[in-house]
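Peer 1: This is a predicted model, with the sequence first.
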Amino acid sequence: MIDNLNKKSSANKTGAGKIKFGGMNGGDSVISSLARIRYEAGIIQQATLLTAGDGVTILFNGSNGEPLYEGKPHFLCHSSDLSKAMIFRNDDEATSFLKDLGFADQDILKS
């Protein structure tokens, strides 16, 4: 019961844009292991696949597509370089990766 209260409280604070939880350097990047933990905790509630010229990147959102902190999107990055977004060849590859992290189909959005 306490775990559920903590999860809800963290998600509510995030939705209000009060806490920042980026990558190891405090930026707007998130490595996959932290994305999994934050999704399970209810902090990350959606992942959006963003198609760009060179492939597909993943942006993370709170409830109802709200940015996680001060209007800034958080993106999935490489664990070896926190400043670079992880790029997938197509939507199917990105979706498969998110499902491996535990994301449900309804929480994966395509832009």
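Peer 2: Yep, that arrived.
Peer 1: Hmm, Asp92 and Gly55 touching each other?
Peer 2: No. Gly55 lies out of contact with Asp92 (C-beta atoms under 8 Å); the separation is 12.0 Å. For every residue, glycine as well, the C-beta is placed using N, CA and C.
Peer 1: Looking at these two, which one has more neighbours?
Peer 2: Gly55 (16 against 11; other C-beta atoms under 10 Å).
Peer 1: From Pro67, how far out is that one?
Peer 2: 22 Å (C-beta to C-beta, to the nearest Å).
Peer 1: Just say helix, strand or coil for the closest residue to Asp105 other than its chain neighbours.
Peer 2: Nearest non-adjacent residue to Asp105, counting by C-beta to C-beta, 6 or more residues apart in numbering: Lys99, 7.8 Å away. For Lys99, the reduced secondary structure class is helix; criterion used: DSSP: H, G, I helix; E, B strand; the rest coil.
Peer 1: burial count for Lys99?
Peer 2: Around Lys99 sit 12 other residues, with neighbours defined as other C-beta under 10 Å.
Peer 1: Over to Lys84?
Peer 2: The tally of other residues near Lys84 (other C-beta under 10 Å) stands at 12.
Peer 1: got a list of what it touches?
Peer 2: Cys77, His78 (C-beta atoms under 8 Å, 6 or more residues apart in numbering).
Peer 1: and it, backbone torsions?
Peer 2: Here is the backbone geometry of Lys84 (degrees, to the nearest 10): phi -110, psi 130.
Peer 1: Which pLDDT value goes with it?
Peer 2: The model reports Lys84 with a pLDDT of 88.
Peer 1: Give me the pLDDT value at the residue nearest to Asp105.
Peer 2: In the prediction, the pLDDT value recorded for Lys99 is 97.
Peer 1: got it, and the one 10 residues further on?
Peer 2: Predicted confidence (pLDDT) at Leu109: the value is 93.
Peer 1: Do I have it right that it meets Gly65?
Peer 2: Yes. With the criterion set as C-beta under 8 Å, Leu109 and Gly65 qualify as a contacting pair; they are 7.5 Å apart.
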